[in-house]
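**Q** Just to be clear, the model below is a prediction. Sequence and coordinates:
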Protein chains: 2
Amino acid sequence: MTTEVELPVNRRERKKLATRAALEQAALRLFAEKGYEQTTVEEIAEAADVAVRTFFRYFSSKQHILFGDVGHDRVTRLRTELAARPHGEPILASVRTVLDAMDLVDPADQEQIMIRLRLMERQPSLLPMYLRLNNELREIVTEFVAARSGLDPRLDPYPLMVASAIASCWDIALHIWAGTDGRRSLRALRREVFDTLTAGLGEPRRGIAGGRINRQADNPAAPPR
Amino acid sequence: MTTEVELPVNRRERKKLATRAALEQAALRLFAEKGYEQTTVEEIAEAADVAVRTFFRYFSSKQHILFGDVGHDRVTRLRTELAARPHGEPILASVRTVLDAMDLVDPADQEQIMIRLRLMERQPSLLPMYLRLNNELREIVTEFVAARSGLDPRLDPYPLMVASAIASCWDIALHIWAGTDGRRSLRALRREVFDTLTAGLGEPRRGIAGGRINRQADNPAAPPR
């Protein structure tokens, strides 16, 4: 597992990344100056010196430029990093390691996120997109905990409890970090919330009524339950 | 504090409640039979034997008939019941008492909620409304904890941690209750999740860096911090 981002090798890929970054920066600047609702896709394209159809080659909408990519990349990476943890490692230890690896520590990345959080505070219409992203993150952790514990997330609350704690953890750390203008460390906040909200979780209680996935079909030698 | 709902005294109020209930029942039946997307407001009004304009006197949209009222009533009641708890009572004890008072125990109410949860499982387009409602609930608990603890919810994670645990608590209890077709007790599930997710919360740590609301303006005799 690595926390490095692979750099694209050829000129064409590098140029695409530069265009995407130019569009993002133009959009964020205009949103901050004019307000999110008042900014049009045409204005973003013009400010980034590209055609409107080029905008739509990179982003499906204004909302997408704001949350889509940052969010989608992180959510995808969460899934990959969780899947890479060794089987048999305690579940909360796996989650803790992955959260540590995924903390935003680069000041440039932090600045991008802070701009987005500030926009969201001023623009309640952006909340549903953020809530949906947070819910997607929760679904990924739920799937991971279910797969590793053998607990059915429809029948046993454990996977959803872990996943809700993790989703809250990122959300709360970001809120307080923005509220304190970045004076409190994002990582320290995230760890504090993680420790508090997972204090009662321990390891899955495998004996819980009705919660086990019946694995007899996979393993005919298993004793009947 | 009471958990009873006041019955309307006059005939006109009773008639309004009956019309609203008829619209709700017609809508839920049609959503289940035809699917949510395929059902029109016109069909709901016709099935309830009222005019379309009568529908819009009670509900602003199809989504509203599904979540708006149930959710809004409960969220409003949560605010009222929390505010009614005595000052000085430990915060988590207040929350625990209110959750106990607000558990859905009436089989008829439970049936209505189960129908809505089943619809949401089949109809992902309903998720944003549900997420928004859950977020509203979280905001109410955040305000309560902030007011009682004196902690600024923008600077100290404690109010959001309590509120996130409570919002998760209802959400997870409902999920598992629906997943087990109501075989597990909604109250027992809610209490189990509450105990687990609040295990690390304790009482607010008033000494936490930067988190106190500065009350010197209210109380000039307070020592400087």
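**A** Yep, it's here.

**Q** so where is chain A shaky, pLDDT-wise?
**A** Scanning chain A for pLDDT under 70 picks out the ranges A:1-9, A:68-70, A:205-225.

**Q** Provide a complete list of residue ranges assigned to helices in it.
**A** All helices of chain A, identified by DSSP state H, fall at A:11-34, A:41-47, A:52-58, A:62-63, A:69-83, A:91-102, A:107-122, A:127-149, A:158-179, A:186-197.

**Q** B:Glu33 is nearest to which of those helices?
**A** B:Glu33 lies closest, by CB to CB, to one member of those: helix A:127-149, at 28.3 Å. From N, CA and C alone the C-beta is placed, and that goes for glycine too.

**Q** which helices and strands does that closest one pack with?
**A** If you count contacts as 3 or more CB pairs under 8 Å, 6 or more residues apart in numbering or on different chains; DSSP states H and E, helix A:127-149 packs onto helix A:69-83, helix A:91-102, helix A:158-179, helix B:127-149.

**Q** one more time with 6 Å
**A** The contact analysis (3 or more CB pairs under 6 Å, 6 or more residues apart in numbering or on different chains; DSSP states H and E) places helix A:127-149 against helix A:69-83, helix A:158-179, helix B:127-149.

**Q** Could you pull out the buried residues of it?
**A** Under the neighbour-count criterion of 16 or more other CB atoms under 10 Å in any protein chain shown, helix A:127-149 has A:128-131, A:133-138, A:140-146, A:148-149 buried.

**Q** chain center to it: distance?
**A** Chain-centre distance of helix A:127-149: 9 Å, with CA atoms, centre = their mean, to the nearest Å.

**Q** and the angle for it with helix B:127-149?
**A** Interaxial angle, helix A:127-149 versus helix B:127-149 (axes from the mean of the first three to the mean of the last three CA atoms, to 10 degrees): 90 degrees.

**Q** outside of helix A:127-149, which residues touch it?
**A** The contact list for helix A:127-149 (CB atoms under 6 Å, 6 or more residues apart in numbering or on different chains) reads A:63, A:67, A:71, A:75, A:78-79, A:82, A:91, A:153, A:159-160, A:162-163, A:166-167, A:171, A:204, B:128, B:131, B:135.

**Q** I would like a ChimeraX command selecting only the buried ones among those, please.
**A** Restricted to buried positions by 16+ other CB under 10 Å, the ChimeraX selection for the contacts of helix A:127-149 reads:
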select /A:67,71,78,79,82,91,153,159,160,162,163,166,167,171,204 /B:128,131,135
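
**Q** rewinding a little: what's the most buried one of the helices of chain A?
**A** Each of these was scored by mean neighbour count; the highest is helix A:158-179, a mean of 25, by mean count of other CB atoms under 10 Å in any protein chain shown.

**Q** how far off helix A:186-197 does that one point, in degrees?
**A** Angle of helix A:158-179 versus helix A:186-197, following the same axes, to 10 degrees, is 140 degrees.

**Q** name the helices or strands packed onto helix A:158-179?
**A** Other helices and strands packing on helix A:158-179, by 3+ CB pairs under 6 Å, 6+ apart, are helix A:127-149, helix A:186-197, helix B:158-179.

**Q** and A:Val41, what is it in contact with?
**A** So A:Val41 contacts A:Phe55 (CB under 6 Å, 6+ apart).

**Q** if I pick A:Gln123, what's in contact with it?
**A** A:Tyr36.

**Q** again, only using 10 Å
**A** By CB atoms under 10 Å, 6 or more residues apart in numbering or on different chains, A:Gln123 lies in contact with A:Phe31, A:Gly35, A:Tyr36, A:Glu37, A:Leu66.

**Q** same check, this time on A:Ile166
**A** Counting by CB under 10 Å, 6+ apart, A:Ile166 has contacts A:78, A:92, A:95-96, A:98-99, A:137-138, A:140-142, A:144-145, A:190, A:193-194, A:197-198.

**Q** Could you measure from it over to chain B?
**A** Per CB to the nearest CB, to the nearest Å, A:Ile166 is found 11 Å from chain B.

**Q** ditto for A:Ala51
**A** To chain B, A:Ala51 is 32 Å away according to CB to the nearest CB.

**Q** That residue: neighbour count?
**A** Neighbourhood size, A:Ala51 [other CB atoms under 10 Å in any protein chain shown]: 12.

**Q** OK, contacts around it?
**A** Contact analysis of A:Ala51 by CB under 10 Å, 6+ apart lists A:Glu42, A:Ala45, A:Arg57.

**Q** What of A:Ala21?
**A** By CB under 10 Å, 6+ apart, the contact list for A:Ala21 reads A:Ala48, A:Tyr58, A:Gln112.

**Q** Quick check, the last one in contact with A:Leu28.
**A** Yes: taking CB atoms under 10 Å as the contact criterion, A:Gln112 and A:Leu28 are neighbours in contact, 7.6 Å apart.

**Q** A:Ala165 touches B:Cys169, doesn't it?
**A** No: counting by CB under 10 Å, A:Ala165 stays clear of B:Cys169, with 11.3 Å between them.

**Q** Please report the distance of the closest residue to A:Tyr158 other than its chain neighbours from B:Trp177.
**A** Leaving aside its sequence neighbours, A:Tyr158 sits nearest to A:Pro204 (CB to CB, 6 or more residues apart in numbering or on different chains; 4.7 Å). To B:Trp177, A:Pro204 is 19 Å away according to CB to CB, to the nearest Å.

**Q** Repeat that for A:Tyr58.
**A** Distance of A:Tyr58 to B:Trp177, given as CB to CB: 43 Å.
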